[in-house]
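1. just coords:
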Ligand code: AHG
Ligand code: MN
Ligand code: MN
């Protein structure tokens, strides 16, 4: 089986003028993933579970593993020298690598170092999400403008899922490929080439406990999912893990829709555009699916701040389109959204 490194190098040779910087950057992410994976796998044995005692910039409790993952991905990208700056869920401002090598780097990265923190203690799948852009600024230290690019400018995006096995799934805009970590040799091996999200899925994933706070269009779509209509495989089935990476990964393989809508309490939803919605949207589209905020294509939203939030509807194309249709038809009913 082909290793991740072999695969990236082979892809690079398809671009005769590529310098290898991007190959090294992806490789650095793979190395950090293995270190974080090692720690997650033995989490119950050491002193790594529980709260770190601080809040992150969005007022959410930081777990020790959030901090650990953030530090390791940051270190790998700083030491690798191919990344000029990082936006991370766990850091308020842009982290600029202002050393001689990184100042010349061509890329910037947005990341959610550990996604699904609420599942850490209970041994349920968690993940890491990353999004890579070519920087806009030339030379010198990177700046905010480099991160304020719409998702359609991503050069690569992906996630690592720390599940019953550990996988790295990524796209560079020519399809989606998945690699499974063989822990006995410490290598990611190409196990899921050219992943496609099936049409005709029957899974819907949403935190239905928030139902009373949902926009009318979402309430209507949930009713639609629950109606009896065997030709369209309805009623669908609900699966909701509470880790975006794990919920998306399952729907990518099985076919389905994931929704985190705006709510009366949080009109822009909970998920962050730069390091949750955009990378997942890029993967969804590259696998033949779709990603929307209910009204617009996620990848066309122009960001204005690092931690900006967006509603997210993503997965099988026809399912997202049906949900979007209901959102748009009911738009007038919810002035709050
Ligand atoms: P994070 O752990 O990075 O803060 O992300 C958690 C996110 C996402 O992974 C998940 O789908 C969602 O929060 C779950 O939120 P609810 O508990 O509100 O359903
Ligand atoms: Mn997250
Ligand atoms: Mn996180």
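-> Structure received. Computed from a predicted model, the values in this text were never measured in an experiment. Numbers count the residues shown, from 1 in each chain. Ligands and ions are numbered 1, 2, ... in the order given.

2. now do the SS call for the residue of the stretch 151-300 of the chain found nearest ligand 2.
-> Nearest to ligand 2, among the residues of the stretch 151-300 of the chain, is residue 276, at 5.2 Å (Cβ to the ion). In this view, the C-beta of every residue, glycine as well, is placed from N, C-alpha and C. The three-state label for residue 276, taken from DSSP: H, G, I helix; E, B strand; the rest coil, comes out as helix.

3. quick one: contacts for it?
-> When contacts are counted by Cβ atoms under 8 Å, 6 or more residues apart in numbering, residue 276 touches 112, 115, 129, 244, 312.

4. take those and lay them out in JSON lines including secondary structure.
-> As requested, these are arranged in JSON lines below (three-state DSSP):
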{"residue": "112", "secondary structure": "strand"}
{"residue": "115", "secondary structure": "strand"}
{"residue": "129", "secondary structure": "strand"}
{"residue": "244", "secondary structure": "helix"}
{"residue": "312", "secondary structure": "strand"}
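
5. in TSV: those, plus pLDDT, neighbour count and distance to residue 142.
-> Below are these laid out as TSV (pLDDT from 0 to 100; neighbours: other Cβ atoms under 10 Å; distance: Cβ to Cβ, whole Å):
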residue	pLDDT	neighbour count	distance to residue 142
112	98	30	19
115	98	28	24
129	98	28	20
244	98	25	26
312	98	30	27
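
6. and ligand 1, which of the residues you listed reach it?
-> Contacts with ligand 1 within those, as defined by Cβ under 6 Å from any ligand atom: 112, 115, 244.

7. out of the residues you listed, which is nearest to residue 89?
-> Nearest to residue 89 among those, counting by Cβ to Cβ, is residue 112 at 4.7 Å.

8. quick check: the gap between that closest one and residue 50.
-> 20 Å (Cβ to Cβ, to the nearest Å).

9. with residue 92 instead?
-> Distance, residue 92 to residue 50, by Cβ to Cβ: 23 Å.

10. please apply the same query to residue 121.
-> Separation of residue 121 from residue 50 (Cβ to Cβ): 7 Å.

11. and for residue 207?
-> 24 Å.

12. contacts only, for the closest residue to ligand 1 within the stretch 51-200 of the chain.
-> Per Cβ to the nearest ligand atom, residue 117 is where the stretch 51-200 of the chain lies closest to ligand 1, at 3.6 Å. By Cβ under 8 Å, 6+ apart, the contact list for residue 117 reads 60, 61, 63, 65, 66, 126.

13. now these as a markdown table including secondary structure and distance to ligand 3?
-> Below are the contacts of residue 117 laid out as a markdown table (DSSP: H, G, I helix; E, B strand; the rest coil; distance: Cβ to the ion, whole Å):
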| residue | secondary structure | distance to ligand 3 |
| --- | --- | --- |
| 60 | coil | 8 |
| 61 | strand | 11 |
| 63 | strand | 9 |
| 65 | helix | 10 |
| 66 | helix | 6 |
| 126 | strand | 9 |
